[in-house]
Structure formats: C-alpha cells, structure tokens
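Student: Build me a structure from this.
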Amino acid sequence: MIPDLPLEELARRYNNGLAAPDWMTTLLPRWQRESETIRTTAGGARNLAYGTGERNLLDVFTPQGASPDGGWPTLFFIHGGYWQRLWKDDWSVIAKPFVENGFAAVIAGYTLCPQTTIRGIADEIETAVAHVWNHAHDLHIDRERIALAGHSAGGHLTAWCMTTDWTSRGLPNAPFVSATSISGLFDLEPLVPIYLNDALKLSNAEALAMSPAYRKRRVDCPFTACVGGAELEEFHRQNKLIGTHWNDVNEWTLADLNHFTIIDQLTRADSELFAHIANRMNV
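Tutor: This next block holds a predicted model:
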C-alpha cells in the first residue's frame, strides 16, 4: 500500500540519513574501529564463500579456544543499507558483544542493487543460511541454536526468511530459534515512486511480491519486529503492519532511539536488544 501522501513527504519518511545525519560522524567511526578490532581478535574465519558472486562472502566470529560440545550458539546477522549500500565488514562490530559472552556470530555479505534485484538478494541470503546450516560442524556452530536478526533492509530479509520454505533447501521448516527484525521494511510498494527505486528497479507487482507482510509466514519460531521510538513515521507504520498481517508477532518499540541508535544497541552487551536475542540462544 502506498500512503496517500505527496511524493516529497513520502520520500522524507524513508530518508533516515536526513533524519539523523550525525550518525556518520558519531556512530559510524566507532563501529568501524571496533569492527577492525574484532576482525583481528576473534576466532572463527573471514571471507568464506557461500556462493559464486563476488560479494557472496560471510564472516564467522567465535570466542577464542575450543568450542563447547555441539558448537557455539550463533547469531546470523543481515546488515542494512536499503539493499544498495554498505558491506559486511562495516558491521563486524555486531559480533563483539556476542563473542565476548560465549556466542558466535555470522555476518553475511550480499550483492547490492542495481547489480542485482531484491529477489536476487533474498536468494543469496537463503543460500548463505543453508551454507551455514550444512557446514555448522566445521564452523563450530550449534545449528540447533541459530538466532536470526537483521536491520533495516536486513530486517526485511529477516522477515523474508520467515516466509521461506526451508525444506526445499534440505533444512528443517524452522532452522532458527528466533528471528528479530530491527527497523524492518515489510511492505515495499511505497518505495516504488520515490528516490530509492532508482537502484532497486522495483515494479509495483514485484514490490508486492517481495513484501513479507503479504506473504504466508512459514517458519514457526518467535518473531520480534522492533522499531525505535524516534524513527520516521513510515517505520512505525511498517512495524504495525507486520503485526497486523502475521500472527504471534512481538511488536516492540524501543523508546527514544532512531534508525541508527537502535542498531547501536546490538553492539553492547548491556542493552535490552542484546539480551533479547542472547536469551533465545540460551534456551
């Protein structure tokens, strides 16, 4: 559904960089420094190929030393960037609190639009999940305790994974213990008439087809859709929409946080967001 708004106003409601421009000079430099540190100090492996594309690479971060019997409980994280920006290395910082508290973290890269489509990215993420599942023993990952999470476009892809028939890829119907969509997009049709579609190249029909809110949910694991209290209006509408269209959605608003400070919560072990995901992996 495209809200009945002037296009300029609709575009404003998706322009997170304009709404919180200081993240580029405050949060991003710290994330990059801490990402470089964790990439060199954590165990695991970097730049493992899961597909044939140049950006079909993933990083596995683990605590140093021997893994527990069965492997490490693991976060599989999908980064954002409106499907057209950023790279997995920008988000290694997400692994830091997990590794420091006895978990592993997998952060996947993927091809960006317009070099591919959103449907193409979704297929790559499914392939990455299947790769981690099938190689869990060699990666020292406990595939019975994988939590899925993603931010923004990664939040969309997290929800998409709830609509995937994983049995067609040889996995259980529910390969995750939980899924958390952070500032996710569940209805892509509003993106068609605004600036974001210059790279996405979505038709109205494809936007609807790629909208998790209008697809059947197939994966029966706890699903949380969270949004920051200080985020733009459309992200609040999107969060309510998925709760309306799907059953058993934990809708969660984190007070006072914007589109970037909300994901910063996942870089710290003393945050509610970290505890929410970590607790599911400890079950």
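
Student: what ranges do the strands span in the protein?
Tutor: 43-49, 57-62, 72-78, 104-108, 141-151, 178-182, 223-228, 249-254 (DSSP state E).

Student: Export those to a markdown table and append columns for mean neighbour count and mean pLDDT.
Tutor: C-beta: built from backbone N, CA, C; applies to glycine. Output for the strands of the chain, formatted as a markdown table (neighbours: other CB atoms under 10 Å; pLDDT from 0 to 100):
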| stretch | mean neighbour count | mean pLDDT |
| --- | --- | --- |
| strand 43-49 | 16 | 97 |
| strand 57-62 | 24 | 98 |
| strand 72-78 | 27 | 98 |
| strand 104-108 | 28 | 98 |
| strand 141-151 | 24 | 97 |
| strand 178-182 | 27 | 98 |
| strand 223-228 | 24 | 98 |
| strand 249-254 | 16 | 97 |
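
Student: how about those strands, which one is nearest residue 122?
Tutor: strand 72-78 (10.2 Å; CB to CB).

Student: In the sheet, which strands lie alongside that closest one, parallel or antiparallel?
Tutor: strand 104-108 (parallel), strand 141-151 (parallel) (DSSP bridges).

Student: Please produce CSV containing those, extended by distance to residue 267.
Tutor: Formatted as CSV, the strands paired with strand 72-78 follow (distance: least, CB to CB, whole Å):
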stretch, distance to residue 267
strand 104-108, 11
strand 141-151, 11
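
Student: I'd like to know which of those lies nearest to residue 269.
Tutor: Residue 269 lies closest to strand 104-108 among those, at 12.4 Å (CB to CB).

Student: that older thread, is it possible to get CSV of the strands of the chain that adds distance to residue 273?
Tutor: Below are these laid out as CSV (distance: least, CB to CB, whole Å):
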stretch, distance to residue 273
strand 43-49, 22
strand 57-62, 18
strand 72-78, 12
strand 104-108, 14
strand 141-151, 9
strand 178-182, 7
strand 223-228, 7
strand 249-254, 7
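
Student: Any idea which of the ones you listed gets closest to residue 34?
Tutor: Using CB to CB, these put strand 57-62 closest to residue 34, at 12.2 Å.

Student: Show me what that closest one pairs with in its sheet, parallel or antiparallel.
Tutor: The strands beside strand 57-62 in its sheet (DSSP bridges) come out as strand 43-49 (antiparallel), strand 104-108 (antiparallel).

Student: For those, please prepare CSV with the additional fields distance to residue 270.
Tutor: Listed next are those as CSV, based on distance: least, CB to CB, whole Å:
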stretch, distance to residue 270
strand 43-49, 23
strand 104-108, 17
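
Student: May I ask which helix or strand of the protein has the lowest mean pLDDT?
Tutor: helix 16-19 (a mean of 91; mean pLDDT, DSSP states H and E).

Student: Can you list the buried residues in that helix?
Tutor: Buried residues in helix 16-19, counted by 16 or more other CB atoms under 10 Å: 16, 19.
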